[in-house]
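> Predicted coordinates and the sequence they were generated for:
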Amino acid sequence: MTDTVARLEGVSHVYGGLQALTDIHIEIPSGRMIGLIGPDGAGKSTLLGLIAGARKLQAGSLEVLGGDMGSQQFRNRLAPRIAYMPQGLGGNLYHALTVDENIGFFADLFGLTGDGRKQQIHRLLEATGLLPFRNRPAGKLSGGMKQKLGLCCALIHNPDLLILDEPTTGVDPLSRARFWDLIDKIRAQQAGMSVLVATAYMEEAERYDWLAALDGGAILATGSPRELRAQTNTRTLDEAFIVLSSGTADETARDNIEAEASLAASHTMDTVPAIEANHLTLRFGDFTAVKDVSFSISRGEIFGFLGSNGCGKTTTMKMLTGLLPPSEGDVLLFGKPLDARDLSTRQRVGYMSQGFSLYGELTVRQNLELHARLFHLPVDQVSIRVDELAQEFGLADVMDQLASHLPLGVRQRLSLAVAVVHRPELLILDEPTSGVDPGARNQFWALLFRLSREDGVTIFISTHFMNEGERCDRISLMHAGEVLASDKPDVLIREAGEQNLEGAFMRTLETATGTEDIGSGAVLTGGHGDEPEHRWFSFRRLWAYGHREARELIRDPIRMAFAFIGSALLMLILGYGITLDVEDLSFAVLDQDQTPQSRDYVTAFSGSRYFIERPPINDMLELGKRMQSGELSLALVIPPGYGKDLKRGQDTEIGVWIDGAMPFRGETIAGYVEGIHYSYLADLVFRTYGTVPTLSLVSIEDRYRYNQDFRSLDAMVPAVIPILLIFIPSILMALGIVREKELGSITNLYVTPVTRLEFLLGKQLPYIAFSMISYVSLVMLAVWIFEVPLKGGLWTLSLGALLYVVVTTGLGQVISAFASTQIAALAATAIITLLPTVQFSGLTEPVSSQEGVGALIGEFWPATWFLQVSRGVFTKGLSFIDLQQTLLSLAAFIPVLTLISVVLLKKQGR
Amino acid sequence: MKSLANIWNLGLKELRSLLGDKVLMVFVLLAFTLIIYTAGSAGSMELNNAPVAVVDEDQTILSGRIIQSFQQPWFLKPDLIRYDQIDTMLDRGSHTFVLVIPEGFERDVRKGHVVSVQLNIDATRMTQAFIGANYIQSFVMTEVAEFIEPGSGSTELPVNLVNRVSFNPNLEGSWFGGVMELITEITLISIILTGAALIREREHGTIEHLMVMPLRSYEIMAAKVWANALVVMIAATLSVTVVIQGWLQVPVAGSVLLFLFGALIHLFSTTAIGILVGTVARTMPQFGLLLILIILPLQLLSGGITPRESMPDLVQEIMLLAPTTHFVSLAQGILYRGAGLDVVWPQFLALTAIGAVFFGAALVLFRRHMSV
């Protein structure tokens, strides 16, 4: 084993027009605990992403565990030896799946089987304390638990290199401490493992073996924490970092805060409380999220909310903003009961939610301006205020960047800037400093103090940072929906008999929960005996994706219901609705003759089942008008003297006006008119001369094949099946893939051994099964409800359907390669599939009759081929042998589409 | 006033988000240009290049003339096949019609016997089958009549029909296909854009953010309606002028402006439908499914693909509630028949009423959802 785990030479990275890393040269020692520290946007995440292989190397050379990361071959071999946990709470987890299922998915990806697998999962769950929650969906876990689950999934395969990107951001101190204990224990058991961590918590960095300080995409310094402190002549890493980045020890910010903080907020204590909560309780079903919480906050006070993850802080805050109505209790805002509809109170409150909730597709400036306008700042003030905020929050350099491209910490600053844009009197901040670096946090607090002490703004804040808790005027400790203690920080510390707030917090929480047994057994299996070899194709990994996707599908009631009811409903609507019989056409007559002969002629039309007579027309002007309005599809004009001419045997003419706006209908009407006209003449001759005239020497015997009754239903129902089996499968498939891109779990494709083919085929399987269920319900409906006879073999039809849905889901995959948002995928699939299927596939007109592009598209459109199978089997009673060619053509789409998808799908992010 | 400003500002944000999604914009552009062109240029359901096969067992001048009478654009040049091939041809679907001219056909005609010829028709192709059979019948009769007595093919019957096809004299399909496709795209794109924009806000948590600001539900909704409708309106305007009038050379009989005004009112309903669906659906895949459930009937039963009057009465009546039905009818009125507002005002009225109902329903549902 080499003594460096990663070697970077001249690595640069540009992301979203932003230079994220510039010419990085660094050798990272192996077998250690290595920390990357630096402010937000320093390039930590980019660097980790590159080392993990999740991002594509743009420039320079990168060696990880002794191999070149530029080579796809090497990355494939490397994947089983690396574990990567991306930034954010549970970014690579699947929220609809339970804890067990998530771990099981990763175990499958890494090829774990048998007893070893069971033991490994058990050990990891036990060690992280997740054992009691095995059956809870990941989406319902608290932030800390999600991080632990993420770690379990990362450790499932005994990696040599564990990469953690801010694993404890947003995690409460107790869980954080337990998280690091766990990591220590794992490292103690497996000496060779290197751990690479990016963190914003400097206290945590103190315990690492080796640090690299980053700023502005460049390495500032490397070495052990002690070396860094010695080098800068400082006491703490926090300060060391500030010296490294600015060159001088900047104590002023801190001093300012202390000075501001010392100004007591007592001068406004006498007035009405800014916010008062009385016995707030909120239940979701039988789960009580918040239980009997009361407090009162004076104007100008900074009130802190501390608690473990998932203890109900966010829920309480949402009740205070009116987003959630409490089950019991009430809220008084500025002395008045909270009314969610009262817009004027909203004007006085600023709220910052936990997750980033600004518009990622807008720039920083656009976000600020939008909110300034929505809060109705005077027009001339908007740009002044925006500039002011840009200065105060250090956003000036990023004003024209898209918010989604900003690092976490900068986004949080932007969120706060947005929350205060209208100078609210009350600020409700839900973990505003999660993921924000120490320097920025200090600035942030300086600002909060100024708002509170100078402008008298009341601040209600939740946080995980104990040093921030100490800065609050008063704090509440919350756990499991209840407030455990509430007082000034120093009083709480004294009462708990601890040195600092962290100690007091842990003590209070541990008394409430009882100490968590971290588990005494070994966390990992020893050695690498069961390390799976990398294989090019593994059914197990394919199955892992298939199984996972199927579970998600099954748990989505709307999607499942659609498979049965939705497609059946559509078939009913379309089967009965689309009819190509042209009937019940409205016509009217302009009878300028008004003789028995002319009325006789009209009767021939009004007696036909194709036409319905409307009130007569009076003049040509009216004729034009009534045709124009679409009221009449046909107008007959009988000239004056018609009856007389007819009797005299003189030639006469009848004017026929046909609405040609819909050409197909126009043609049909012309046909009907001709038919009725000739039969009327024949009838006339017969009545006059008593013989049937021989109008022609040739008679044509029409033999309508396959559909003797000319029943539209028999022609349309078999055609509806191909229509429905293309839209639904392709849209669902495309969304299934793009969804992973949008929600972040695509990372699992990037950093685990799963190949593109396994990923695509695995995800395709459940949708094929889903579509086949739909197919079965459609066929049953066709045969039993519509009573369309199935003349040919059911197996041939089913084989065709199977091939067809493989093709249509494959089509969805190809489309998904181009789209990065679900909207785009949805729109693209709908647009691309709708036209060719309805117009060019031979639904109404055979492909051979089409011209130009339409004919070409029709030829290469899968629906064309399946339509032949469906109609062939249903109406023509064709057998497998007859349809061999067609089935083969259909099958030929499969490898082509799969190949295109594999080529277009990227195995690395940007 | 404040309300208007909010709607304006939120709408601007909506526009920025839309324009930011490049892939989406490319597809919207494609939908309103290439797709409409393709639909317009591909011909429609009238008889066009119908594939015919002939079994000529007679092999005479007369049978040759009949075969010659099949002309483009109605029919493709007939393929000559053997009698035992008929079933295969029809089964394979390569031909819609097979005409069988029996042996001794010309001889019998000369003798003045009435001869019958057999025409096999693939009745699963309903549109071609009926119209084509009429054509073939008249071709054969004309040829036979001409053969016996040259010049008699156009004999005057005691009463002659003078057909005038209004609004589309040559019954050209491209006039029809392009415009109907435009209507489909207007409906489809506006529902997708509005509904998906709402779901995106929910999936990204930004809707919560809007709700704590001094904004009313109808402002959030109205902003989405105007912004997305604007994008579709611009695209539709370009499409009518550049693609339909310019590229496809469809002569527009009435006022394009009036049609666009109709489109605007139509968009009022479709964007409201988008909001409705976006409120009901929790995730994008659910939205996708509901979208299909709505868009297919809206398109296929509107009268834009098959004639309305032939649908079952119940379907016709239910479809009166759909905006597309009225939009299709007013579009046909204005664009083909040159109808003015004095003629199509009932459709305008219906569209406005439907729009108001959908918008109201969307607002109620949206409000209820947002308040939780």
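Looks like it came in fine.
> hmm, which helix or strand of chain B has the shakiest average pLDDT?
For chain B, the helix or strand with the lowest mean confidence is strand B:159-166, at a mean of 68 (criterion: mean pLDDT, DSSP states H and E).
> what pLDDT, on average, does the following helix or strand past it get?
Once the chain leaves strand B:159-166, the next helix or strand it forms, by DSSP states H and E, is helix B:173-203. Across helix B:173-203, pLDDT averages out at 85.
> near chain A, anything from helix B:173-203?
Yes - interface with chain A: helix B:173-203 contributes B:173, B:175-177, B:181, B:184-185, B:188-189, B:192-193, B:196-197, B:199-200, B:203 (C-beta under 8 Å from any C-beta of the partner chain). Placement of C-beta: from N, CA and C, glycine included.
> Please pick the buried ones from those.
By neighbour count, with 16 or more other C-beta atoms under 10 Å in any protein chain shown, the residues of helix B:173-203 next to chain A hold B:173, B:175-177, B:181, B:184-185, B:188-189, B:192-193, B:196-197, B:199-200, B:203 as buried.
> A:Leu797 touches A:Val776, doesn't it?
No - counting by C-beta atoms under 8 Å, A:Leu797 sits too far from A:Val776 to count as a contact (10.9 Å).
> the more surrounded of those two?
Under the criterion of other C-beta atoms under 10 Å in any protein chain shown, the comparison of A:Leu797 against A:Val776 puts A:Leu797 first, with 24 against 14.
> Could I get the contacting residues of the more buried one?
In this structure, A:Leu797 makes contact with A:Val779, A:Leu790, A:Val869, A:Ser870, A:Val873, A:Phe874, judged by C-beta atoms under 8 Å, 6 or more residues apart in numbering or on different chains.
> Helix, strand or coil: sort out the third one for me.
So the one you mean is A:Val869. State at A:Val869, reduced to three classes by DSSP: H, G, I helix; E, B strand; the rest coil: helix.
> Quick one: neighbours of the closest residue to it other than its chain neighbours, just the number.
Excluding the flanking residues, the one nearest A:Val869 by C-beta to C-beta, 6 or more residues apart in numbering or on different chains is A:Gly800, at 3.7 Å. Counted with other C-beta under 10 Å, residues neighbouring A:Gly800 total 27.
> Assign a three-state SS to the residue nearest to A:Gly335 when sequence neighbours are not counted, would you?
The shortest distance from A:Gly335 to any residue other than its chain neighbours is 4.0 Å, reached at A:Val272 (C-beta to C-beta, 6+ apart). Of the three states, A:Val272 takes coil under three-state DSSP.
> which regions of the stretch 701-850 of chain A lie under the pLDDT threshold?
A:702, A:704-712 (pLDDT under 70).
> Please enumerate the helices of it.
Counting by DSSP state H, counting those that start in this stretch, the stretch 701-850 of chain A has these helices, from start to end: A:712-743, A:747-751, A:756-780, A:794-818, A:822-835.
> does the third one come close to chain B?
Right, the one you point to is helix A:756-780. No - using C-beta under 8 Å from any C-beta, helix A:756-780 stays clear of chain B, with a minimum separation of 10.7 Å.
> Tell me the buried residues in that helix?
Buried residues in helix A:756-780 (16+ other C-beta under 10 Å): A:757-768, A:770-772, A:774-775, A:777-779.
> What of stretch A:495-504?
A:Ala496, A:Glu498, A:Leu501, A:Glu502, A:Ala504.
> For these, work out which two are farthest apart.
A:Ala496 and A:Glu502 (10.5 Å; C-beta to C-beta).
> What segments of the stretch 301-450 of chain A are strands?
Along the stretch 301-450 of chain A, counting by DSSP state E, counting those that start in this stretch, strands occupy A:302-307, A:328-333, A:336-337, A:349-352, A:426-430.
> now for those, which one comes closest to chain B?
Checking the strands of the stretch 301-450 of chain A against chain B by C-beta to the nearest C-beta gives strand A:349-352 as the closest, at 4.4 Å.
> So which residues make contact with the closest one?
A:317, A:321, A:333, A:415-416, A:418-422, A:424-430, A:432, B:209, B:212.
> That strand pairs with which strands?
strand A:426-430 (parallel) (DSSP bridges).
> next one: the strand it pairs with to chain centre, how far?
28 Å (C-alpha atoms, centre = their mean, to the nearest Å).
> Need the CA coordinates for it. CSV is fine.
Taking Å, rounded to 0.1, in the frame of the first residue of the first chain, the C-alpha atoms of strand A:426-430 are listed here in CSV:
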residue,chain,number,x,y,z
LEU,A,426,-39.7,39.8,14.5
LEU,A,427,-37.3,37.3,12.9
ILE,A,428,-37.9,33.6,13.0
LEU,A,429,-34.8,31.8,12.0
ASP,A,430,-34.7,28.0,11.7
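> quick one, that strand and strand A:328-333 angle?
130 degrees (axes from the mean of the first three to the mean of the last three C-alpha atoms, to 10 degrees).
> Please list the residues outside strand A:426-430 that contact it.
A:274-275, A:313-314, A:317, A:320-321, A:333-334, A:348-354, A:416, A:419-420, A:451, A:457-462.
> and what of stretch A:624-634?
Contacts for stretch A:624-634 (C-beta under 8 Å, 6+ apart): A:585-588, A:611, A:614, A:617, A:623, A:635, A:656-659, A:661, A:665, A:669, A:673, B:166-167, B:309, B:329, B:332-333, B:337-339, B:343-344.
> Okay, and B:Leu62 sits in which element?
Going by DSSP H and E, B:Leu62 is part of helix B:61-69.
> swap in A:Val483?
strand A:482-487.
> Quickly run through the sheet partners of that strand, with directions.
strand A:474-479 (antiparallel).
> Could I get the average pLDDT for the strand it pairs with?
For strand A:474-479, the per-residue pLDDT averages 86.
> now do stretch B:130-137
On average, stretch B:130-137 scores 81.
> ok, now which ones touch the closest residue to B:Phe359 other than its chain neighbours?
Leaving aside its sequence neighbours, B:Phe359 sits nearest to B:Ala272 (C-beta to C-beta, 6+ apart; 4.3 Å). By C-beta under 8 Å, 6+ apart, the contact set of B:Ala272 is B:Val225, B:Gly355, B:Phe358, B:Phe359, B:Ala361, B:Ala362.
> tell me the phi and psi of B:Ala272?
phi -60, psi -40 (degrees, to the nearest 10).
> How much space separates it from B:Val232?
Distance, B:Ala272 to B:Val232, using C-beta to C-beta, to the nearest Å: 13 Å.
> quick check: domain ranges of chain A?
In terms of domains, chain A is parsed into A:4-249, A:261-513, A:539-575+A:710-904, A:585-689 (source: automatic domain parsing).
> In which helix or strand does the nearest residue to A:Ala154 once chain neighbours are set aside reside?
Nearest residue to A:Ala154 in three dimensions, chain neighbours excluded: A:Ala83, at 3.8 Å (C-beta to C-beta, 6+ apart). For A:Ala83, the host element (DSSP H and E) is strand A:82-85.
> ditto for B:Leu298
Assigned by DSSP H and E, B:Leu298 falls in helix B:284-300.
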